[in-house]
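Chemist: One predicted model, sequence on top.
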Amino acid sequence: MKALVAIAGRELRRRWMILPAALVVGFFPIVAPRLGWKAAGDPMVGLFGCLSLGIVAALATGHSVIGGELSAGRLGFFFSRPVPWWSIWAGKLSASVLLTALVGVLAAVPWMTARVGNQPLSAAALMDLPGSLFAAGLILLAVGLAHAASIAHGSRSGLVAADLALLVAWLWGLWAAGPLIVFGAMWILFLDHSPHNYLQWPIALALLAASAVQVYTGRTDARRSHLALSATLWSLLFAGLGLVSAVGWRQLQATPKDLGDVLWAASAPRADWMYVVGHVRGRIGSWYAPVFLYQAGSGRFVRLGIAGQATPPAFSGDGQQAALLKVEDWRSEGWSGARLYLADLASDPPSLRAVPLGIPPLPKTEPTLAFCPGGDCLLLAQDEALTLYDLPSGKSRWTAPSLRGRWIEPVVFLDRELLRAYRRTDLTTATIEIVTVRLRDGSQRPTGRLEVQESAWLRSSPSGDRLLAMQRRTPRGLPDARPLSKATLHDGMTGALLGSLAEAAMDVDADPLADGRIALVEIQERGARLRVLGRNGNEERSIDLGPFREASLGGELEPGRLFLGLGPCPMFLAGPRGCEAALVDVESGQITRQPGVSPAHPLWHSRVGLWGPRPAPGSLGATLFRSFDGQLLRLDPKSGTRQVLLGDAHPQ
Amino acid sequence: MNRLLRVEPALATPIWSQIEEGMRRLVASGALGPGQAVPSVRDFARELRVNPATVSKAYQRLTEQGVLEVRRGEGTFVSGAPPALGRAERARLVRDGAARYASLGLTLGASREEALDELRAAWTELGRRGKGEER
Amino acid sequence: MSGDVPHEVLAVRDLTVRYGRQVALDAVSLAVPRGAVYALLGRNGAGKSSLIRCLLGQQHPARGRLSLFGLDPWKHRPARMARVGVVPETPDAPPELSAEQLSVLCGRLNRQWDRAGVAERLRRFDVPARTPFQRLSKGQKGAVMLALALGHGPELLILDDPTLGLDVVARNAVFGEVIGELADRGTTVFVTTHDLAGIEGLADRVAILAGGRVVLEEEMEALKARWARPLEEIFTAVVGEKGAA
């Protein structure tokens, strides 16, 4: 130890002059303004000085402590004395690291604590543990790199070419492995956030280890030292890259059975294929939410990627195909790199293939996909445009821009030839235009219009002949006024008002039923009611739900059996207090409590708050529910019994 | 001392032998008087630029032969008295020297008279010097 | 090494060193008994430097065994260097430190250190104690390296061409110091040199390295008796016969 300290001490004393220079840099932003140079009193100036001097210190000392002495033939002085190799290695490198750290501190503390400038950088941000670790890693990395460069350069051998080639190869490997590294690192380090603050550490440690091997093996021989350093360093770096990638790859091999809790699930109309998003059980579970197409009966599945990188898939009418868009990058300005993927669910194993789109979707708003009834084309609906693509080629058949307005939900396929779409004519008025679009050529024919409040959403009957409009109005001029909701019934084609279903309610929600009737939930002061209305809005039945201030319709499990959420049942997925759920039999009026579950289909996509279409009554999708602790359940409409399909029970 | 005795490392004769002969000559010619101190092994070796072991070996032999004497704590000195050798020992040494001289003379083709004349002259010369006359 | 003779301070058996295709040392064997002054002679490039580096545990040979006081110097370098004083061919002391500071530094790198003795030697060599090493003359640098090599009282002194580029006075001073060590402590000396005349009186064993091989190894006395010629001539004759390295 004595030798180590002596060697380190000599290195420090050799370069002591950089410390006063660091103090000068540290005080510069404080002193310079007083001498007339106002612009220097900026934390950025101080930061720049601190970083520059720190880098200079790291590079100069890292380069000279061992590498410089080796190429000058002076390392033999220490090796000829009874000093162990690790004293030489550790003594010199620790001096370099210590000196760099001291330089950093001396060049930063004065102006940081004097609060130079309008926005003082908090010294605490760098002095706390994560900040110190980050800075320490950078210092080690800089010193290590300088040392390695010095050894490589000083040996004057052709090995430098190999080093450069391997460096390029490793960097490429790092870039190519990308998400594998992220997931692997998170798993290995027990992180629940992105590991990019720590990436300098493995490289720094590899450099340190390689330098130790180099000092032990190469001793005073410059060429053997270079060989030892390079062999060790690249072995460690490539092995590390491979290992972390393998761990990451292993994590990404999750199957639906590995899901610990399910976030959303929705099902194909006439098949038992569903799409599932959930968190993988295990270490990085809360960070890793893969998306699958899953067939519960057989266990077959298709990987679709990670939540947030793909739109929910649309299923074709026969349930044999699914389509989704995968997005490379989503930012507030928009997204980039959307690619269409088609899944063939009939084949064994089910396959996923990319289909190039004739016109790429617009980058601003979230698209919704829907198969045409014939399964030979795909509609892509966005606020700004509707576009129809031929399948399987992906060529665009037509596109219908929304001009000054925007297309709104829903879009209804009337038959194989026509669809009905709704457009707000422009963003300031409350007029909705009803348009029929010919699938063959995209020609539009306006068929009607309706006037609504600014805040309104529409529901269409499956055949398109009836339109429900839920509207909400906040009375002006009255403080503390509660918004008033109402529901109106319109002709599906012309938009003509056929009747008012509910007025001046605290809240209202309505859904068309399979048999053409209408289910409506109305909240008034006295409580919630479920009203069943005929095709033309005439009340057939009224069921008292209880003194709830909130209620929402959760779909028709099978014709005549409705799921309701009573009380504050949120869109979010945590187990709420006060939320009750119930199955209601429309005919008998019987209400059966169904605690602890909510419908599994996504009420909105994670990015945009659009109401999605409800699953068809009687389909598997209508019976998919999610328990509050994340299990995916199938609820039998008649008996109410629950079958767990995926996910683990978590004690609450 | 350097002025008095030189060794030639390049010669085939071992250095210890050169030192021994040289010391012997100095004592015989009176250049080194009885009781006079001779340099320590260390100093002598440094002066001559030779291995101290070599000097040590020469001193050892000279001491055995009574030319030098070691006084513990004081150093090495030239013996006060002539070497107290046994008759047999003295006889052997003188016979050795004679044999070497005779061999030299014979191989050079000198006659016995010539050799004896030279021997007499050298003996006188050295003996005269030994009695303290100026060189 | 089996059959290790305890009085052998330094032994080399079948040492082979290669640099790529080039063979620097080819199955070299030699042994240095305790108390001997062993001179290794050879032209530049004969392999002397490689041998020294292997002896000092700074290079690992391709083949062969080395023994320094009975142990492999590569594996046991720090322990061996405690008993060995090294004067390299090129002075390698930290250039910014003065002789006095170097003595202090070496005092911390060695278990025992005779600081007064080192200072005395430096005084004897007329080396200014406070001048940075890089500003000393060649002779003074050599003197400092020798003083530092002797400061921990080594049993073996390894000198790699210690008088290279020195004037007569400096050379004499170096040899005088070594002789003093020999006389006072019976130190074993292993020296490589070009100064054949200078080593002639000092060495009691000689080995000649040519083309990576030991072409002669003999007691100096016996060698001189056999050849009846100065060492310089013997060297030229031997190395000339085998061809220059």
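Modeler: Here it is on my side, so go on.

Chemist: Only C-alpha atoms from now on, for both contacts and neighbour counts.
Modeler: OK.

Chemist: Pull the contacting residues for whichever residue of chain B sits closest to chain A.
Modeler: Proximity of chain B to chain A (CA to the nearest CA) peaks at B:Asn51, 25.8 Å away. By CA atoms under 8 Å, 6 or more residues apart in numbering or on different chains, B:Asn51 lies in contact with B:Ala45, C:Val37, C:Ile179, C:Leu182, C:Gly201, C:Leu202, C:Ala203, C:Asp204.

Chemist: Would you agree the fourth one is in contact with B:Pro52?
Modeler: What it means is C:Leu182. Yes. Using CA atoms under 8 Å, C:Leu182 is in contact with B:Pro52, at 6.8 Å.

Chemist: More neighbours: these two, which one.
Modeler: Per other CA atoms under 10 Å in any protein chain shown, whichever of C:Leu182 and B:Pro52 has more neighbours is B:Pro52, with 27 against 23.

Chemist: Compute the distance between the closest residue to A:Leu345 other than its chain neighbours and A:Phe48, please.
Modeler: Once flanking residues are discounted, A:Leu345 sits nearest to A:Gln320: 5.0 Å by CA to CA, 6 or more residues apart in numbering or on different chains. As judged by CA to CA, to the nearest Å, A:Gln320 and A:Phe48 stand 60 Å apart.

Chemist: Looking at those two, which is more packed in?
Modeler: A:Gln320 (20 against 14).

Chemist: how near is the more buried one to chain C?
Modeler: Going from A:Gln320 to chain C by CA to the nearest CA, to the nearest Å gives 67 Å.

Chemist: Surely that residue is in contact with A:Ala346?
Modeler: Yes. Here A:Gln320 reaches A:Ala346: they are 5.4 Å apart, a contact under CA under 8 Å.

Chemist: Please work out the residue of the stretch 101-250 of chain A nearest to chain B and name it.
Modeler: A:Thr220 (32.9 Å).

Chemist: which residues sit in contact with that residue?
Modeler: A:Leu70, A:Gly73, A:Leu75, A:Gly76, A:Phe79, C:Gln58, C:Gln59.

Chemist: Tell me who's in contact with the fourth one.
Modeler: It refers to A:Gly76. A:Thr220, C:Asp92.

Chemist: Ranking helices and strands of chain A by mean pLDDT, which lands last?
Modeler: helix A:123-127 (a mean of 59; mean pLDDT, DSSP states H and E).

Chemist: Let me know the next secondary structure element after that helix.
Modeler: Using DSSP states H and E, the helix or strand that directly follows helix A:123-127 along the chain is helix A:129-154.

Chemist: Going by contacts, tell me the helices and strands next to the next helix or strand after that next one.
Modeler: Per DSSP H and E, the first helix or strand lying C-terminal to helix A:129-154 is helix A:159-177. Packing contacts for helix A:159-177, counted by 3 or more CA pairs under 8 Å, 6 or more residues apart in numbering or on different chains; DSSP states H and E, involve helix A:129-154, helix A:222-252.

Chemist: Show me where chain B has its helices.
Modeler: B:15-29, B:41-48, B:52-64, B:87-108, B:112-130 (DSSP state H).

Chemist: before we move on, what about chain A?
Modeler: A:2-14, A:18-34, A:43-63, A:69-71, A:76-79, A:85-113, A:123-127, A:129-154, A:159-177, A:179-189, A:200-218, A:222-252.
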